[in-house]
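J.: Let me see the structure of the following:
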Amino acid sequence: QVQLVESGGGLVQPGGSPRLSCAASGFTFSRYAMSWYRQAPGKERELVASITGAGSSTNYADSVKGRFTISRDNARNTVYLQMNSLKSEDTAVYYCKARVWTSDYWGQGTQVTVSS
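T.: The predicted structure follows:
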């Protein structure tokens, strides 16, 4: 079965640069696009970034463009989100998502709190 496990969150100071990881299993990882979403308290879940199966194309929300970088290592079945210049408004639970055929699969999420 498809499993996605995020890691790398925590308490980060403003301006910090954590890297989130999402380890995937249960499907042919390199065939499918992967995405990172986030959900802040009281807000809807929003797309942060996505990457194609081969990693050749990426897409970002305007709010993170130039600060966040999505990447993947298909040999390790892992997708990453490098976050730089963090702001308080980046505080959220971050989820990775895989769309395998017509089904969406989500990880359990990892909390990122930006605070001094």
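J.: Can you check which strand is longest in the protein?
T.: What stands out as the longest strand in the chain, according to DSSP state E, is strand 92-100.
J.: Identify the residues contacting that strand?
T.: Strand 92-100 is contacted by residues 2, 4, 6, 9, 20, 22, 24, 27, 32-40, 43, 45, 48, 79, 81, 104-112 when judged by CB atoms under 8 Å, 6 or more residues apart in numbering. Where you see a C-beta, it was placed from the backbone N, CA and C, and this is true even at glycine.
J.: List the strands paired with that strand, with their directions.
T.: Under the criterion DSSP bridges, strand 92-100 sits next to strand 34-39 (antiparallel), strand 103-106 (antiparallel), strand 110-114 (antiparallel) in its sheet.
J.: Run the chain-centre distance for the longest one.
T.: Relative to the centre of its chain, strand 34-39 is centred 5 Å away, using CA atoms, centre = their mean, to the nearest Å.
J.: One more: the last one?
T.: On the basis of CA atoms, centre = their mean, strand 110-114 sits 12 Å off its chain's mean C-alpha point.
J.: And that strand, what's buried?
T.: 110, 112, 114 (16 or more other CB atoms under 10 Å).
J.: And for the first one?
T.: Going by neighbour count (16+ other CB under 10 Å), the buried part of strand 34-39 is 34-38.
J.: Can you dump the C-alpha atoms of it in CSV for me?
T.: Taking C-alpha atoms only, strand 34-39 is exported to CSV below (Å, rounded to 0.1, in the frame of the first residue of the first chain):
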residue,chain,number,x,y,z
MET,A,34,4.8,14.6,-6.0
SER,A,35,3.5,17.7,-4.2
TRP,A,36,3.9,19.5,-0.9
TYR,A,37,0.9,21.2,0.7
ARG,A,38,0.5,23.1,3.9
GLN,A,39,-2.3,24.0,6.2
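J.: Quick check: next helix or strand after it?
T.: For strand 34-39, the following helix or strand on the C-terminal side (DSSP states H and E) is strand 46-51.
J.: you'd agree Asn59 is up against Ala49?
T.: Yes. Using CB atoms under 8 Å, Asn59 is in contact with Ala49, at 6.6 Å.
J.: So between these two, which is more surrounded?
T.: Comparing Asn59 with Ala49 by other CB atoms under 10 Å, the one with more neighbours is Ala49, at 23 against 14.
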